[in-house]
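> with the sequence up front, the predicted model follows.
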Amino acid sequence: MIDRIGPHRPIITSNPFAALIGSIVHQQVSMSAGRAIYRRVVERCARRRLTPPALLAVSEGDLRGAGLSRQKAAYVRNIAEAFVSRTLTPAKLRRMSDEDAVAAVTEIKGVGRWTAEMLLIFCLERPDVWPVDDLGLKKAVRNFLGHTEMPSIAAMNELAEPWRPYRSYATWYLWRSLEGPVLPAVTPANSGSKRRA
């Protein structure tokens, strides 16, 4: 699989606040819709800069106008409040262990474990994350094992045990395996806030 897919090249969002907002915006919508909504949210921020104070200054109505549901508008504001109050900061998150970081961000209403695990992989660049609740990963593991049924969490954990402490890399390759013969992590939406690992 590694030979077929090529070098490990995930797209990394270096700003934890932007990464969390992006995860909420993209939940339960297509990638193209998520990118459009995210762009409109940024455009409504002062100087078109997505910062915690700038986001809090955007009214709920404007957030809804950008395409967020009432629930998502509340969730992104909750995240902004956590950063404005310095309950969370990029420096604090980077110093935390994986589980401490998950616990800290899931204290925010609207942020679940999956979102926290995506933060660990695609922002904090933690090498040993294995998001067993991710549907794409489950499908990839099913295909990898040649099964017709979705694997249980126990089966997924048993499979990944030999890959410690690099399960994030295995996760990324398994996700890419669902894409077929496509250059990994290439996206036309690559922006200045992102870089390649």
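Structure received.
> what helix or strand does Asp133 sit in?
Using DSSP states H and E, Asp133 sits within no helix or strand.
> got the domain boundaries for the protein?
2-8+130-196, 15-122 (automatic domain parsing).
> of the ones you listed, which stretch is the most buried?
domain 15-122 (a mean of 17; mean count of other Cβ atoms under 10 Å). C-beta coordinates here come from the backbone N, C-alpha and C atoms, glycine included.
> and it, how far out from the chain's middle?
10 Å (Cα atoms, centre = their mean, to the nearest Å).
> Three-state assignment for Met150, please.
Three-state assignment for Met150 (DSSP: H, G, I helix; E, B strand; the rest coil): coil.
> next up, the contacts around the nearest residue to Arg40 once chain neighbours are set aside.
Counting by Cβ to Cβ, 6 or more residues apart in numbering, Arg40 lies nearest to Ala66, which is 3.8 Å off, once chain neighbours are set aside. By Cβ atoms under 8 Å, 6 or more residues apart in numbering, Ala66 lies in contact with 37, 40-41, 43-44.
> so how far is Glu81 from Asp133?
26 Å (Cβ to Cβ, to the nearest Å).
> Glu107 too?
For Glu107 relative to Glu81 (Cβ to Cβ), the value is 12 Å.
> before we move on, what about Trp130?
Relative to Glu81, and taking Cβ to Cβ, Trp130 is found at 30 Å.
> let me see the contact set for Val25.
Per Cβ under 8 Å, 6+ apart, neighbours of Val25: 34, 37-38, 41, 68, 72, 76.
> show the pLDDT at Glu43.
Looking at Glu43, its pLDDT stands at 97.
> any idea which helix or strand carries it?
With DSSP H and E as the criterion, the answer for Glu43 is helix 31-44.
> need the residues that contact that helix.
With Cβ under 8 Å, 6+ apart, helix 31-44 has contacts from 21-22, 25-26, 29, 48-50, 55, 58, 62-63, 65-68, 76, 189.
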